[in-house]
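Q: give me the fold of what follows.
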Amino acid sequence: MPGKALILSASAGAGHVRAAQALERAFVQVGAPYRVHHVDALQFTNKVFRTLYSKAYIELVERAPDVLGWLYDRLDTPWEKERRRLAWDKLNTRPFVRMLERQRPDLVLCTHFLPAEIISWLKAKARLACPQAIVVTDFDVHAMWLCHHFEHYFVAIDETREHLVRLGIPAGKVTVSGIPIDPVFAEAKDKHAMRQKLGLLADRTIVLLSAGGFGVGPIEHAVASLLGLRHPAQIVVVCGRNEELRQRLGALAAERAGEPNALAVVGYTTEMDEYMSAADILVGKPGGLTTSEALAKQLVLVIVNPIPGQEERNSDHLLEQGAAIRCNNLPVLGYKIDRLLDDPACTAAMRENARRLARPHAAREIVEKALTLVPVAGVDRPAAGRHS
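A: Have a look, this model is predicted:
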């Protein structure tokens, strides 16, 4: 009889869900004898709590990112605020707990700290006994990811593994896997074939501007600067689920027909791997998933307006490794990219650094390792990690 695996995310931002979907596909890829279910933990909470976690997050990203950064830093105190947070989360996740106890999974993988925290508590109370693997979806690890009862952590980079070890997590329980992305990003796709398929120009530098899954941020200001590039280019804007933005930019693209720098506008798409395969440069926020996808495609990364907190830290790691540049002032975005394009040796070095950092098979590696955490029939379960 096949085992049962739950992959638990939370729809606070798009990255946690996309990471969970990547793991779900990796289970199919490895042919594991498991029935796999991906569950958004927020769907099993009350409406007020769900709004706080999802809609309020997007509102803060759009209207008050500095507040979000302040909260990120304020809460990043390992082991200090866990009791208060757990009490609040337990109060609001009772349907989620009932679902877990009804499902009785053999293995759980969490791509968000909320379900990881609740499962850790259930394991402490002996109400759940399955192995828990925690998959961190940014380059850094925030204090809210820390749990007492777990079997394994998966992190993006060596420095984050060392951070966890110094916080008391056993080194043998942390694997540097990279951030899980859809296995399709590991497939080599010809740049020219992808441009032809997507109706993009074959003879221009393709600058891909990503607004993220929710289409937030000062995208139109970035577009205005990019349209002033000296080097002939086509600007491809992926607007995500922001239909108003797509319509406004679509009208601008129609007005600019025949101009030296072309504008192409895309709404929500499931073909991001093909757009990245067709592109030369990615401009956008350094979310963990988008960044990992771009590294897998060896794109030159230009970071704009990182969200204070996790994206700022992602940005720091990418800049330190020479895989990105950052533009702090949107009016000079085009100028900075022109300077990059003036220096082919620099762009080639950035692509090589991206190739070195990329972990395109992270999802598969995580699933294969997580499956080893499940005890063989008749063998005692391994003890959960316990730290205080």
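
Q: element containing His80, please.
A: Slight slip there: residue 80 is Glu, not His. Glu80 is located outside every helix and strand, with elements delineated by DSSP states H and E.

Q: same thing with Val283?
A: For Val283, the enclosing helix or strand under DSSP H and E is strand 281-284.

Q: mean confidence for the next helix or strand after that strand?
A: Once the chain leaves strand 281-284, the next helix or strand it forms, by DSSP H and E, is helix 288-296. pLDDT averaged over helix 288-296 equals 96, rounded to a whole number.

Q: so which other helices or strands are in contact with helix 288-296?
A: helix 15-30, helix 272-278, strand 281-284, strand 300-304, helix 310-320, helix 344-357 (3 or more CB pairs under 8 Å, 6 or more residues apart in numbering; DSSP states H and E). Glycine gets a C-beta too; all of them are placed from N, C-alpha and C.

Q: at 6 Å instead, please
A: helix 15-30 (3 or more CB pairs under 6 Å, 6 or more residues apart in numbering; DSSP states H and E).

Q: contacts for the helix or strand in which Phe154 is found next, please.
A: With elements taken from DSSP H and E, the one containing Phe154 is strand 152-155. The set of residues that contact strand 152-155 without belonging to it, under CB atoms under 6 Å, 6 or more residues apart in numbering, is Ala133, Ile134, Val135, Val136, Arg161, Lys173, Val174, Thr175, Val176, Ser177, Ile366, Leu373.

Q: and stretch 170-180, by the same measure?
A: The set of residues that contact stretch 170-180 without belonging to it, under CB under 6 Å, 6+ apart, is 19, 22-23, 137, 152-156, 158, 161, 164-165, 288, 292, 359, 362-363, 365-366, 369, 385.

Q: what do you get if the cut-off is 7 Å, keeping everything else the same?
A: Contacts of stretch 170-180 with the rest of the structure, by CB atoms under 7 Å, 6 or more residues apart in numbering, involve 19, 22-23, 26, 135, 137, 151-158, 161, 164-165, 288-289, 292, 359, 362-363, 365-366, 369, 385.

Q: next: stretch 41-56.
A: With CB under 7 Å, 6+ apart as the test, stretch 41-56 has contacts from 8-12, 92-93, 95-96, 99, 112, 114-115.

Q: now for those residues, which pair is the farthest apart?
A: Greatest spatial distance in these: Ala12 and Met99, 18.4 Å, computed using CB to CB.

Q: domains for this structure, by residue range?
A: In terms of domains, the chain is parsed into 3-181+361-371, 184-357 (source: automatic domain parsing).

Q: just put the ones you listed in CSV and tack on mean neighbour count.
A: As requested, the domains of the chain are exported to CSV (neighbours: other CB atoms under 10 Å):
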stretch, mean neighbour count
domain 3-181+361-371, 19
domain 184-357, 19
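
Q: centre of the chain to the host helix or strand of Glu117, how far?
A: For Glu117, the enclosing helix or strand under DSSP H and E is helix 113-124. Centroid separation between helix 113-124 and its chain, computed with CA atoms, centre = their mean, to the nearest Å, is 21 Å.

Q: which residues sit against that helix?
A: Helix 113-124 is touched from outside by 8, 10, 41, 86, 89-90, 93, 96-97, 100, 108, 110, 128-129, 132, 134, 144-145, 147-150, 384, with contacts defined as CB under 7 Å, 6+ apart.

Q: switch to 8 Å and redo it
A: Residues outside helix 113-124 that contact it (CB atoms under 8 Å, 6 or more residues apart in numbering): 8-10, 41-42, 53, 82, 85-86, 89-90, 93, 96-97, 100-101, 108, 110, 128-129, 132, 134, 142, 144-145, 147-150, 384.

Q: the helix or strand that that helix is followed by pairs with which strands, parallel or anti?
A: For helix 113-124, the succeeding helix or strand toward the C-terminus, using DSSP H and E, is strand 132-135. Strands adjacent to strand 132-135 in the sheet, as given by DSSP bridges, are strand 107-110 (parallel), strand 152-155 (parallel).

Q: turn those into TSV, including mean pLDDT.
A: What follows is the strands paired with strand 132-135, written out as TSV (pLDDT from 0 to 100):
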stretch	mean pLDDT
strand 107-110	98
strand 152-155	98
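
Q: and these: which comes nearest Phe185?
A: Among the strands paired with strand 132-135, strand 152-155 comes nearest to Phe185, with 17.2 Å by CB to CB.

Q: for the helix or strand just after the closest one, C-alpha coordinates in PDB please.
A: Later in the chain than strand 152-155, the nearest helix or strand by DSSP H and E is helix 158-166. The C-alpha trace of helix 158-166 is given here as PDB (Å, rounded to 0.1, in the frame of the first residue of the first chain):
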ATOM      1  CA  ASP A 158      26.400  26.700   3.100                       C
ATOM      2  CA  GLU A 159      26.300  29.900   5.200                       C
ATOM      3  CA  THR A 160      22.700  29.200   6.200                       C
ATOM      4  CA  ARG A 161      23.600  25.700   7.200                       C
ATOM      5  CA  GLU A 162      26.300  27.100   9.400                       C
ATOM      6  CA  HIS A 163      23.900  29.600  10.900                       C
ATOM      7  CA  LEU A 164      21.500  26.800  11.900                       C
ATOM      8  CA  VAL A 165      24.300  24.700  13.300                       C
ATOM      9  CA  ARG A 166      25.500  27.700  15.500                       C
END
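
Q: assess the claim that His361 and Pro183 are in contact.
A: Yes: the criterion here is CB atoms under 8 Å, and His361 meets it with Pro183 at 7.5 Å.

Q: ok, the residue nearest the centre of the chain - contacts?
A: For the chain, the residue sitting closest to the mean C-alpha position, by CA atoms, centre = their mean, is Leu289 at 2.6 Å. Contacts for Leu289 were tallied using CB under 8 Å, 6+ apart; they are Ala14, Gly15, Arg18, Ala19, Thr137, Ile179, Ile181.

Q: cheers, nothing more for now.
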